[in-house]
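J.: A predicted structure for the sequence below; I have some questions about it.
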Amino acid sequence: MTGRDIFFVSNNVDEMGGVTTWSHQMARLFAERGHRVHVIGVVPAPEELRADLGADLPYKTTTLYDEHPPKAVPAARGIKGRLNIAEQRRRAARQAGMEEQAAKLSALFRAARPGGMVIVTQVWAMEWVALADTAGLPVVGMTHESFDACRKSSRFNRVKKYYKDVDRLLALTREDADLWIRQGMDNADFMPNPLPVTPEVPSDRTAKVVASIGRLSDEKGVDLLLDTWATVAPGHPDWTLKIYGSGEDEEILKKQADTLGLADSVEFMGRTDDVAGALRGASVFAQSSRAEGFPLSLMEAMASGVPCAAFDCAPGVHEIIRDGEDGLLAVVGNTAELARHIDALISDKELRDRLGTAARENVQRYSTDRIVKRWEDLFALLER
């Protein structure tokens with residue numbers, strides 16, 4: 001069947017980050033295949049984190065709230081809680097607001113033609129979808145992080161509560177899906193992220209540059225990368241670490257680089273809209289994240305033929321990188337091991353070329369055609 005109505009429902013339509021990138025990539029891919037796509041955000045992204053989506057998107061976008069609603073008020077406990085009229089009013093006002101926005105979702109869903117699908121990319125957004133009328137529409141709930149990262153967060157109990165009765169709960173890897181099944185989520189399955197793009201011209205791996213791309217936040221572990229580079233840099237004074245990205249930790253990280261004596265060998269490049277160009281100008285890619293889902297930046301580097309040295313921080317990482325075959329993995333937080341891997345890739349051009357060539361070829365198992373076909377097969381299965 002062609003021409004489905006496909007709804008993507010997320011926390012935001014336009015907040016910088018992997019989920020937004022994924023949502024709009026998939027929306028574009030489905031629109032190109034003749035589907036009618038609608039990307040829906042619950043709240044507007046904060047101004048400072050807003051991504052530029054460009055003009056003339058080939059699909060609709062909608063944001064339910066004009067401004068962020070009040071945060072949830074914890075349930076009243078004991079007599080004192082029950083007598084707190086102000087809290088009761090806040091809870092009632094928030095619930096009424098949620099139901100009002102869910103009614104907008106219901107109207108959109110009811111207008112869908114047969115074969116429609118609802119894909120909820122983040123569990124917070126599912127709280128509104130759960131209040132909406134989804135009759136006749138299969139609902140797919142997604143978790144774009146590893147099981148372990150989710151378990152350490154407040155999202156864990158929400159996933160178990162709000163995704164329990166959806167038609168499919170999709171993790172990013174089979175390993176994580178199995179862990180969700182052990183939690184009693186019998187609807188769990190997995191769906192990898194698609195490769196964003198394969199550049200026609202890969203890196204020739206001659207530039208004396210190690211690149212890192214990601215948000216400058218604690219989760220991405222750029223502080224650990226700087227500690228790692230402090231070990232590597234003295235042996236390779238003609239090499240530079242280029243860090244692409246922006247975020248709340250930028251000033252702290254720049255001070256750390258200065259303290260470590262790395263001012264001459266580290267460049268903070270800021271955000272880039274030309275990821276392919278940044279990777280083409282690098283010979284090694286480093287990823288030092290403390291947590292990941294199914295990292296697009298690793299896939300982009302591999303597609304550019306740039307060998308990766310990364311912390312094995314999630315099933316998605318060792319699903320993408322085959323250690324020793326098309327990249328090198330280190331134990332999370334072990335900066336000495338990561339330093340050895342980066343040093344080996346810098347020192348040995350033959351190793352760089354072997355791993356980089358294998359990476360560019362192997363990552364094609366996540367090509368857009370293959371992943372979209374998996375989605376289409378899932379839609380057909382859920383429609384039965």
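T.: In hand now; what should we look at? Remember, it's a predicted structure, so these values are computed and weren't measured experimentally. Numbering: from 1, shown residues only.

J.: Can you report how many residues lie near residue 206?
T.: Using other C-beta atoms under 10 Å, residue 206 has 10 neighbouring residues. Just so you know, the C-beta spots here come from the backbone N, C-alpha and C atoms, and that holds for glycine as well.

J.: And the helices in the stretch 101-250 of the chain, which stretches?
T.: Ranges of helices in the stretch 101-250 of the chain, per DSSP state H, counting those that start in this stretch, are 123-129, 147-151, 155-162, 174-182, 222-232, 250-259.

J.: For the shortest one, report the contacting residues that lie outside it.
T.: This points to helix 147-151. 143, 156, 159, 171, 175-176, 179-180, 291-293, 314-315 (C-beta atoms under 8 Å, 6 or more residues apart in numbering).

J.: can you do 6 Å?
T.: For helix 147-151, the external contacting residues (C-beta atoms under 6 Å, 6 or more residues apart in numbering) are 143, 156, 176, 179, 291.

J.: what's the farthest-apart pair in these?
T.: The largest distance within the contacts of helix 147-151, taken as C-beta to C-beta, falls between 179 and 291 and amounts to 14.9 Å.

J.: what is the mean pLDDT for the host helix or strand of residue 269?
T.: Using DSSP states H and E, residue 269 maps to strand 266-270. Taken as a whole, strand 266-270 has an average pLDDT of 96.

J.: residues in contact with that strand?
T.: By C-beta under 6 Å, 6+ apart, strand 266-270 touches 240, 241, 242, 243, 244, 246, 257.

J.: what about 7 Å?
T.: 229, 240, 241, 242, 243, 244, 246, 254, 257 (C-beta atoms under 7 Å, 6 or more residues apart in numbering).

J.: nearest to residue 374, of those residues?
T.: residue 244 (30.0 Å).

J.: number of nearby residues for the closest one?
T.: 21.

J.: one step back: I'd like the distance from the helix or strand following the strand holding residue 269 to the chain centre, please.
T.: Sequence order places helix 275-280 as the next helix or strand after strand 266-270, per DSSP H and E. Centroid separation for helix 275-280 versus its chain: 19 Å, with C-alpha atoms, centre = their mean, to the nearest Å.

J.: Over to stretch 191-198?
T.: Using C-alpha atoms, centre = their mean, the offset of stretch 191-198 from its chain centre is 11 Å.

J.: Next: stretch 118-132.
T.: On C-alpha atoms, centre = their mean, the centre of stretch 118-132 falls 17 Å from that of its chain.

J.: what do you get for stretch 85-98?
T.: 32 Å.

J.: Return the member of the contacts of strand 266-270 nearest to residue 377.
T.: Distances from residue 377 to the contacts of strand 266-270, taken as C-beta to C-beta, are shortest for residue 244 (35.4 Å).

J.: in the sheet, who's paired with that closest one?
T.: residue 213, residue 270 (DSSP bridges).

J.: Surely it touches residue 272?
T.: Yes. Counting by C-beta atoms under 7 Å, residue 272 is a contact partner of residue 244 at 5.0 Å.

J.: Now tabulate the helices of the stretch 101-250 of the chain in TSV and tack on mean pLDDT.
T.: Listed next are the helices of the stretch 101-250 of the chain as TSV, based on pLDDT from 0 to 100:
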stretch	mean pLDDT
helix 123-129	96
helix 147-151	94
helix 155-162	96
helix 174-182	97
helix 222-232	98
helix 250-259	97
